[in-house]
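Novice: Pasted the sequence and its predicted model underneath.
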Amino acid sequence: MPQVVTLGGTAQFTVAASGGTPLTYSWRKFGIPLANNGHFSGVNTATLYISSVVNADSGQYSVRISNACGVVTSNTV
C-alpha cells in the first residue's frame, strides 16, 4: 500500500511470508537491491526502514523472498 511520509520522517514497509525456512529477504527499489547503509536498514529482513526520508526516496519498492523451493517477488508499493 502506498505511503506518504513527511520529509525527514521514517518510512516502514513490512511483508508477511510463510514457507519452508529459512526465508531470505531482499528489498528493492525499482528492482535494484538496496544496501544497509544507515539510511536503509532491514534490507534483508521482513521489515524495511528508511530513515530521514528525502525526495529521492520516492519510488517503487518490492521485496524478493526466497527459500529452497524458489523465489517470489512482492507487488510493488
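Specialist: Perfect, I can see it now.

Novice: Closest to the centroid, which residue in this protein?
Specialist: W27 (3.6 Å; CA atoms, centre = their mean).

Novice: which SSE is that residue in?
Specialist: strand 24-29 (DSSP states H and E).

Novice: Give me the buried positions along that strand.
Specialist: Using 16 or more other CB atoms under 10 Å as the test for burial, strand 24-29 gives 25, 27-29. For every residue, glycine as well, the C-beta is placed using N, CA and C.

Novice: now stretch 32-44
Specialist: The neighbour-count check on stretch 32-44 (16+ other CB under 10 Å) flags 34, 40-43 as buried.

Novice: Distance check, the closest residue to P2 other than its chain neighbours against H39.
Specialist: In this structure, P2 finds its nearest non-sequential neighbour in V77, 6.1 Å apart by CB to CB, 6 or more residues apart in numbering. From V77 across to H39, the span is 18 Å (CB to CB, to the nearest Å).
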